[in-house]
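**Student:** coordinates only, no sequence provided:
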């Protein structure tokens, strides 16, 4: 007989229960791992082997100076300094600067002792001996440099150790790795780092009507859209998806697939079979797994209400709606944050930290109180440069991909509201 939904849980309560899963164990990964370190999270501090930069370096082509020497310099009242050398990028200076002296330097060159600032080359002019109209006269073989702008101490200088100090933590445990952090790892000489494991996610599609992408559908059949879309969402969240194929609407077959694959993954996604119809077998199949705890069957979320969540040891099984838009919205709101949580991300579920932009809702949108609604919207150009863009709701049923293809983001309607009015300023969570 058809089952009733369990007591429908709020999104906040489902989130609280998902947070009880511990982040995955730590492992060692090489800086040159062909899979890349992007998106992974450090599980231990990274200590710098050297100061980064190793010396005080110039951030500009110009002249290394003592800032006190060029105080008050201007176009009408330049300061003249004696150039005592040129500094290449690949070797430090073998001299020191005294008051009244400067040295030509290229971007990345190490400042000589005595220098505390760099004047940009655009604000200088080299003069041969005797060319200066005022100021000191160059000695034989010396070159004067006319300085036309003052600089403060530290101007255009990359100070030694500004990025990292030797034997000190350069990056802390819990830091997500972006290209800039990976660059610092290389600068610190960190050939290997300790990171949280990537979540291994198995994806099973269920349903007699689901066929492989390579097959030609007959009336009543659909190609396996969800497996591939869900895999893409998992990869974006830093996980490793594994496509496990299609299982028919058969209780024994679904239960056998769960037993077979659960040991090899951290998370198992079942697409379809999560509702209360006579052929929705996910709940019954989960009940056959030893130690399975079903902690959610129904979430106050639209689209996406028929969500099943179960804990089997330290694994999490998701019974996702078969409707494509519903499944993807559930993954956006709960699934992808959960994978980031397993991978060690702090505040993974906090929507305030997600990419978003302000927009003005183009029309009234009703909502049912007691559930969170996620409107699919497209962004349209505003009437003037000063206006916010328009958030235009995209109509359509949750079984249509078009509603997601035409949308650039989602607008959340709080469970306590009965809708949003035209002209409301909303946060569009970017897809």
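**Tutor:** Cool, the structure landed. Quick caveat, the model's predicted, so the values are computed rather than measured.
**Student:** what's the mean pLDDT across stretch 393-402?
**Tutor:** Across stretch 393-402, the average pLDDT comes to 83.
**Student:** what's the next secondary structure element after the strand or helix carrying residue 244?
**Tutor:** Per DSSP states H and E, residue 244 falls inside strand 240-247. The element immediately downstream of strand 240-247 (helix or strand, assigned by DSSP H and E) is helix 251-261.
**Student:** residues in contact with that following helix?
**Tutor:** 202, 204, 206, 244, 247, 268, 270, 273, 281-282, 284-286, 288-289, 317 (C-beta atoms under 8 Å, 6 or more residues apart in numbering). For glycine as for every other residue, the C-beta is placed from the backbone atoms N, C-alpha and C.
**Student:** at 7 Å what do you get?
**Tutor:** Residues outside helix 251-261 that contact it (C-beta atoms under 7 Å, 6 or more residues apart in numbering): 202, 204, 206, 244, 247, 268, 281, 282, 284, 285, 288, 289.
**Student:** secondary structure class for the nearest residue to residue 334 once chain neighbours are set aside?
**Tutor:** Closest residue in space to residue 334, ignoring its immediate chain neighbours: residue 14 at 6.3 Å, by C-beta to C-beta, 6 or more residues apart in numbering. Assigned by DSSP: H, G, I helix; E, B strand; the rest coil, the conformation of residue 14 is helix.
**Student:** I'd like to check which residues are in contact with residue 415.
**Tutor:** Taking C-beta under 7 Å, 6+ apart as the test, what residue 415 contacts is 10, 300, 369, 370, 371, 372.
**Student:** so where is the stretch 1-150 of the chain shaky, pLDDT-wise?
**Tutor:** The stretch 1-150 of the chain contains residues with pLDDT under 70 at 1-6, 128-141.
**Student:** where do the strands sit along it?
**Tutor:** Ranges of strands in the stretch 1-150 of the chain, per DSSP state E, counting those that start in this stretch, are 26-30, 46-47, 57-58, 62-65, 79-87, 101-105, 117-120, 124-127, 143-147.
**Student:** give me the residues contacting the longest one.
**Tutor:** Under the contact criterion C-beta under 7 Å, 6+ apart, strand 79-87 has outside partners 64-65, 69-70, 73, 93, 95, 100-105, 109-110, 112, 126, 132, 135-136, 138, 142-147.
**Student:** remind me which residues of the stretch 251-400 of the chain are low pLDDT?
**Tutor:** Applying pLDDT under 70 to the stretch 251-400 of the chain picks out residues 273-279.
**Student:** which residues in it form helices?
**Tutor:** Ranges of helices within the stretch 251-400 of the chain are 251-261, 282-287, 324-330, 336-342, based on DSSP state H, counting those that start in this stretch.
**Student:** okay, those helices in a markdown table with mean neighbour count and distance to residue 293 next?
**Tutor:** Below are the helices of the stretch 251-400 of the chain laid out as a markdown table (neighbours: other C-beta atoms under 10 Å; distance: least, C-beta to C-beta, whole Å):
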| stretch | mean neighbour count | distance to residue 293 |
| --- | --- | --- |
| helix 251-261 | 16 | 14 |
| helix 282-287 | 20 | 9 |
| helix 324-330 | 25 | 20 |
| helix 336-342 | 24 | 16 |
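**Student:** now the ones you listed in a markdown table, with distance to residue 240?
**Tutor:** As requested, the helices of the stretch 251-400 of the chain are exported to a markdown table (distance: least, C-beta to C-beta, whole Å):
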| stretch | distance to residue 240 |
| --- | --- |
| helix 251-261 | 14 |
| helix 282-287 | 23 |
| helix 324-330 | 19 |
| helix 336-342 | 10 |
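**Student:** picking that back up, the residue nearest to residue 334 - how many residues pack around it?
**Tutor:** By the measure other C-beta atoms under 10 Å, the count of residues near residue 14 is 24.
**Student:** tell me how far it lies from residue 297.
**Tutor:** Residue 14 sits 11 Å away from residue 297, going by C-beta to C-beta, to the nearest Å.
**Student:** got it, and residue 321?
**Tutor:** Distance from residue 321 to residue 297, by C-beta to C-beta: 12 Å.
**Student:** then residue 337?
**Tutor:** Relative to residue 297, residue 337 is positioned 20 Å away (C-beta to C-beta).
**Student:** check residue 112 too.
**Tutor:** 72 Å.
**Student:** please say which of the two ends up with more neighbours.
**Tutor:** Using other C-beta under 10 Å as the criterion, residue 112 and residue 297 rank with residue 297 on top: 24 against 21.
**Student:** surely that one touches residue 305?
**Tutor:** No: using C-beta atoms under 7 Å, residue 297 makes no contact with residue 305, being 10.0 Å away.
**Student:** would you point out which residue is most central in the chain?
**Tutor:** For the chain, residue 39 is the residue whose C-alpha lies nearest the centre (C-alpha atoms, centre = their mean; 6.4 Å).
**Student:** show the contacting residues for that one.
**Tutor:** 176, 177, 238.
**Student:** export the residues you listed as a markdown table, with columns for secondary structure.
**Tutor:** Output for these, formatted as a markdown table (three-state DSSP):
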| residue | secondary structure |
| --- | --- |
| 176 | strand |
| 177 | coil |
| 238 | coil |
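**Student:** filter the contacts of strand 79-87 to the buried ones?
**Tutor:** Buried members of the contacts of strand 79-87, scored by 16 or more other C-beta atoms under 10 Å, are 64-65, 69-70, 73, 93, 101-105, 109-110, 112, 132, 138, 143-147.
**Student:** for residue 195, list the residues it contacts.
**Tutor:** 26, 27, 29, 40, 41, 42, 43.
**Student:** any idea how far it lies from residue 188?
**Tutor:** To residue 188, residue 195 is 15 Å away according to C-beta to C-beta.
**Student:** look up how far residue 395 lies from the residue nearest to residue 334.
**Tutor:** Distance, residue 14 to residue 395, by C-beta to C-beta: 27 Å.
**Student:** do the same with residue 180
**Tutor:** Counting by C-beta to C-beta, the gap from residue 180 to residue 395 is 41 Å.
**Student:** what of residue 192?
**Tutor:** 51 Å.
**Student:** looking at those two, which one has more neighbours?
**Tutor:** residue 192 (13 against 10).
**Student:** for the more buried one, give the beta-bridge partners.
**Tutor:** Beta-bridge pairing for residue 192 (DSSP bridges): residue 30.
**Student:** now residue 83. Nearest residue, chain neighbours left out?
**Tutor:** residue 143 (4.6 Å).
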